[in-house]
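**Q** Quick one, structure for this:
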Amino acid sequence: MEIKFYALVALMAFMMPDREQLGRVFGILALAMGGVWVASTIISGSGSITPQSLLKFLAIAPYLSFFAVGILGWQFQQGHFGNERLLTANLALSTLIIFVEASSPGDGYIAALVCAAVYLALTMLFVRYIRGHALPHFPGLSWAMAQVGLLSFSWYLIHENIGVSMLATFNLHMPASVALGLVIVSTFIMAVVFASLFEWRFRKPVEKAAEALLVRLTPLMEALRRRAA
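**A** Prediction:
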């Protein structure tokens, strides 16, 4: 998913040097693709080979609105307020996507409502932050959440392939709630180790080197763009 997102943004950035325009076009694309995904999920349901699954895995349709919230939110924080309505629309759509993805007719919709409500509450904190307001501070808890945030990318990288495999195995031998708790703790410990051995030692330096290279290549890209125009 990440590679597709990076490739899409790189292509759009090459075609649109105006970053506010890029955010606007990306936000519109996210609304269109996310809306189609929601409609296809409601109509055809989920499955291994359905319009819903193809849009999800090939076009990353349901994920674009989440990226759009981040992109448009950052632009808003930088003082570019022209895409505020797009930000609001993508926030609403991403909340709906959470609800649709978590919904299970057999189990009811309580879990889906809880997931959507938690996501919406967190994004409201994000909106408060980009509007210039300080986030609530709770002694101890705020520090702990910040540490989880610093480890979030490492945790994300291992949560699916490793975490889901562990969960499937543990579910065979213990209650689901115990298995879930054990997997959360285990994968978090793995994330701490992964971050110490790889994330901060290798990925961050490579990221800084790539950013420096991009800065040097920007004038060349702009010259090529002007020549193509």
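
**Q** how is this structure carved up into domains?
**A** 1-136, 137-229 (automatic domain parsing).

**Q** Reformat those as CSV; add mean pLDDT.
**A** Formatted as CSV, the domains of the chain follow (pLDDT from 0 to 100):
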stretch, mean pLDDT
domain 1-136, 85
domain 137-229, 81
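
**Q** tell me the most buried of the ones you listed?
**A** The highest mean neighbour count among the domains of the chain, using mean count of other Cβ atoms under 10 Å, belongs to domain 1-136: a mean of 16. The way it works is simple: take the backbone N, C-alpha and C, and place the C-beta from them, glycine included.

**Q** Could you give the separation of that domain from the chain centroid?
**A** Centroid separation for domain 1-136 versus its chain: 8 Å, with Cα atoms, centre = their mean, to the nearest Å.

**Q** ok, now stretch 191-208?
**A** Relative to the chain's own centre, stretch 191-208 is displaced by 20 Å; criterion: Cα atoms, centre = their mean.

**Q** cool, stretch 162-174 as well?
**A** Mean-position distance between stretch 162-174 and its chain equals 25 Å (Cα atoms, centre = their mean).

**Q** so how far is Met190 from Ala117?
**A** 29 Å (Cβ to Cβ, to the nearest Å).

**Q** Helix or strand: which one has Val9?
**A** In this assignment (DSSP states H and E), Val9 forms part of helix 2-15.

**Q** Surely Arg85 forms part of a helix?
**A** Yes. The assignment for Arg85 is a helix, going by DSSP: H, G, I helix; E, B strand; the rest coil.

**Q** Please enumerate residues in contact with the helix holding Val9?
**A** Contact with helix 2-15 is made by Arg19, Leu22, Val25, Phe26, Ile60, Tyr63, Leu64, Phe67, Met221, Arg225, as judged by Cβ atoms under 8 Å, 6 or more residues apart in numbering.

**Q** The first one and Leu72 touch, don't they?
**A** It refers to Arg19. No. With contact defined as Cβ atoms under 8 Å, Arg19 does not count as touching Leu72 (11.0 Å).

**Q** hey, what's in contact with both of those two?
**A** When Cβ under 8 Å, 6+ apart defines a contact, no residue borders Arg19 and Leu72 alike.

**Q** any idea how far Thr218 is from Leu224?
**A** With Cβ to Cβ as the criterion, Leu224 and Thr218 are 11 Å apart.

**Q** Residues contacting the helix or strand encompassing Leu180, please?
**A** Per DSSP H and E: Leu180 is located in helix 176-194. With contact meaning Cβ under 8 Å, 6+ apart, helix 176-194 is reached by 151, 154-155, 157-159, 162-163, 166-167, 170-171, 173-174.

**Q** one more time with 6 Å
**A** Leu151, Ser154, Trp155, Ile158, His159, Gly163, Met166, Leu167, Phe170, Asn171 (Cβ atoms under 6 Å, 6 or more residues apart in numbering).

**Q** Among the residues you listed, which one sits closest to Val100?
**A** Taking Cβ to Cβ as the measure, Val100 sits nearest to His159 out of the contacts of helix 176-194, at 20.8 Å.

**Q** pretty sure Leu151 is touching Ser196, no?
**A** No. Using Cβ atoms under 6 Å, Leu151 makes no contact with Ser196, being 9.8 Å away.

**Q** Out of the contacts of helix 2-15, list just those in helices.
**A** Counting by DSSP state H, these place Arg19, Leu22, Val25, Phe26, Leu64, Phe67, Met221, Arg225 in helices.
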